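Student: the following block contains a protein sequence and its predicted model.
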Amino acid sequence: MNFSRFYKLAKSSEVCGNGGRQSGLFLLLVIYLLIMFSSACAAQDSGAAVPVPVVSESASSSSSGISEASLPAVKNQSASVKTAVTVTTATMNSTESGKYRVFFQDGQSFEMVEVKPGVFLMGSANQAPSEDDEEEQSLASTVETLTSEASSSDSEVTNEIMDPDASSDPFQSLPRSSVDDEDSEEDEIPHRVEISRGILVSTTEVTQGIYSAVTGTNPSGFRWSGADYPVEQVSWFDAVLFCNKLSKIMNLNPCYDEKTYRCNFKANGFRLPTEAEWEYMTRAGNPEKFSFGNDYTLLNQYAVVASSELKTPAPVGTRKPNNWGIKDVHGNVWEWCCDVYAYDYDIDAVKDPVNLGRPLTIWELPISSQTQLIVNQDSTVSDKGKGKSGDEEEEEPLTRVIRGGGWGSVYYDCRSANRGKADPLGNYNDVGFRVVRQIP
């Protein structure tokens with residue numbers, strides 16, 4: 001209803017008389033405001049006509065990775081918009097050798113490729129480990145080898161190296177970058193890593209369309225862009241719960257315990273890649289700065305970054321893939337990994353390494369999980385670290401690894417070895433994820 005019509009009606013009203021004209025105007029104004037308020041509430045409930053603020057400034061960060069403070073989007077910037085009814089069935093079919101496609105009942109799909117086991121040099125070429133680190137890594141390698149030999153007879157996982165060029169000693173000299181990486185950081189110490197499990201990796205980041213189909217919501221700040229854009233403003237916990245929901249839809253065993261959020265790597269469902277798996281599949285056998293080499297001027301052919309014409313994410317899969325057919329490993333959106341960030345990852349295990357971190361406190365969980373645990377008086381998760389005083393020490397807040405750089409990143413943040421970190425409860429408009437699972 002147009003306000004001017006109310007005003008003219010009140011001004012010319014003979015019902016009120018000259019003495020009551022002002023009262024009539026006031027009454028009609030009140031009615032008009034009530035109608036407008038009711039319309040606004042209805043629009044907000046439908047989610048269709050409520051404008052959503054979007055942060056569009058660059059997500060620039062330091063070369064050592066990004067922290068919560070440097071990310072442009074703020075937590076809980078806007079609530080997720082409810083979308084169509086979630087899908088209830090999905091199937092995965094082999095399309096050709098080493099390639100699979102997951103099909104949903106609504107017609108959407110995404111591709112996954114097989115990544116075979118292998119050995120690679122993780123980290124930056126010119127970040128030489130200290131003497132202490134070399135001794136610790138040598139000892140760790142020896143212990144790992146002895147442990148592997150002692151338990152090989154009853155191992156449930158075959159640890160054969162599938163790389164035809166690999167010798168019986170997987171830790172002999174590995175390909176190194178042909179140039180020093182002047183942009184490397186101290187937390188990128190090079191070390192040999194064995195990936196003993198073959199996995200399927202989604203060739204692109206999870207899209208808004210796929211996320212909406214599985215969860216029924218779309219939290220993206222750029223949700224107006226389209227279903228084929230990467231989902232963002234998803235927390236680490238959002239990504240984990242998506243993996244579990246997708247697993248259940250496909251009648252697979254979920255990987256994550258939704259009370260403790262620990263990952264069961266023996267489950268056949270979907271999960272986030274470990275940090276080591278992420279770098280392994282990103283490099284795709286290339287030891288240089290990027291999956292395509294060392295020339296950063298070629299980055300725009302493979303990634304959507306700050307130097308691109310776009311100042312937003314782009315539809316997934318629009319840039320060149322790496323040698324294994326995996327796209328968007330550089331730029332577009334940062335990608336959550338399974339690991340808790342650890343500065344000294346160079347001294348961790350050299351075989352299938354993953355840093356799950358200490359058990360989470362109840363205060364580090366999403367609000368929904370906190371409420372459920374408190375109501376059920378569940379002691380699975382401790383309340384240590386909140387409201388402590390005196391001599392009791394609070395737990396150091398955990399951050400989760402993010403990799404690959406985003407649409408607002410500079411070139412050195414998109415290097416294969418670059419390590420980022422972020423608050424797992426945070427929702428950022430340049431952080432998304434991709435999924436992996438066991439080979440069927």
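Tutor: Cool, the structure landed. Numbers count the residues shown, from 1 in each chain.
Student: can you classify the closest residue in space to residue 202 that isn't next to it in sequence by secondary structure?
Tutor: Once flanking residues are discounted, residue 202 sits nearest to residue 434: 4.6 Å by C-beta to C-beta, 6 or more residues apart in numbering. All C-beta atoms are positioned from the backbone trio N, CA, C, and that covers glycine. For residue 434, the assignment made with DSSP: H, G, I helix; E, B strand; the rest coil gives coil.
Student: so where's the protein shaky on pLDDT?
Tutor: Residue ranges of the chain with pLDDT under 70: 1-85, 126-181, 346-349, 371-395.
Student: would you map the strands across the stretch 151-300 of the chain?
Tutor: Here the stretch 151-300 of the chain has its strands, by DSSP state E, counting those that start in this stretch, at 191-195, 199-202, 217-218.
Student: with distance to residue 399 and mean neighbour count added, can I get the ones you listed in CSV?
Tutor: Formatted as CSV, the strands of the stretch 151-300 of the chain follow (distance: least, C-beta to C-beta, whole Å; neighbours: other C-beta atoms under 10 Å):
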stretch, distance to residue 399, mean neighbour count
strand 191-195, 21, 23
strand 199-202, 24, 23
strand 217-218, 25, 19
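Student: residue 89 against residue 105, yeah?
Tutor: Yes: Residue 89 is within contact range of residue 105, at 5.1 Å (criterion: C-beta atoms under 8 Å).
Student: before we move on, back to that, how far away is the residue nearest to residue 202 from residue 99?
Tutor: 15 Å (C-beta to C-beta, to the nearest Å).
Student: which one's more surrounded, the two?
Tutor: Taking neighbours as other C-beta atoms under 10 Å, residue 434 and residue 99 compare with residue 434 leading, 28 against 15.
Student: distance of that one from residue 184?
Tutor: 24 Å.
Student: quick one: the residue nearest to residue 202 and residue 118, what's the gap?
Tutor: The gap separating residue 434 from residue 118 is 19 Å, by C-beta to C-beta.
Student: one more: residue 124?
Tutor: Relative to residue 118, and taking C-beta to C-beta, residue 124 is found at 19 Å.
Student: burial count for the residue lying closest to residue 123 once chain neighbours are set aside?
Tutor: Closest residue in space to residue 123, ignoring its immediate chain neighbours: residue 190 at 3.7 Å, by C-beta to C-beta, 6+ apart. As a burial measure, residue 190 scores 23 neighbours (other C-beta under 10 Å).
Student: residue 113 too?
Tutor: 17.
Student: equivalent analysis for residue 272, please.
Tutor: Using other C-beta under 10 Å, residue 272 is surrounded by 26 other residues.
Student: same thing with residue 88?
Tutor: That count, for residue 88 with other C-beta under 10 Å as the rule, works out to 8.
Student: which ones are touching it?
Tutor: 105, 249 (C-beta atoms under 8 Å, 6 or more residues apart in numbering).
Student: how about 10 Å then?
Tutor: Contacts here follow C-beta atoms under 10 Å, 6 or more residues apart in numbering; on that basis residue 88 touches 104-105, 249.
Student: now the buried members of these.
Tutor: When the contacts of residue 88 are checked for burial by 16 or more other C-beta atoms under 10 Å, the buried set is 104, 249.
Student: which of the contacts of residue 88 sits closest to residue 359?
Tutor: Using C-beta to C-beta, residue 249 comes nearest to residue 359 of those, at 28.7 Å.
Student: now the phi/psi pair for the residue lying closest to the closest one once chain neighbours are set aside, please.
Tutor: In space, and not counting its chain neighbours, residue 249 is closest to residue 90: 5.0 Å by C-beta to C-beta, 6+ apart. Note on residue 90: its backbone torsions stand at phi -150, psi 150 [degrees, to the nearest 10].
Student: surely residue 90 touches residue 107?
Tutor: No: Residue 90 is beyond contact range of residue 107, at 11.4 Å (criterion: C-beta atoms under 10 Å).
Student: which of those two has more neighbours?
Tutor: Using other C-beta under 10 Å as the criterion, residue 90 and residue 107 rank with residue 90 on top: 19 against 9.
Student: contacts only, for the more buried one.
Tutor: 102-106, 108-109, 210, 213-214, 246, 249-251.
Student: specify the beta-bridge partners of it.
Tutor: Beta-bridge partners for residue 90, by DSSP bridges, are residue 104.
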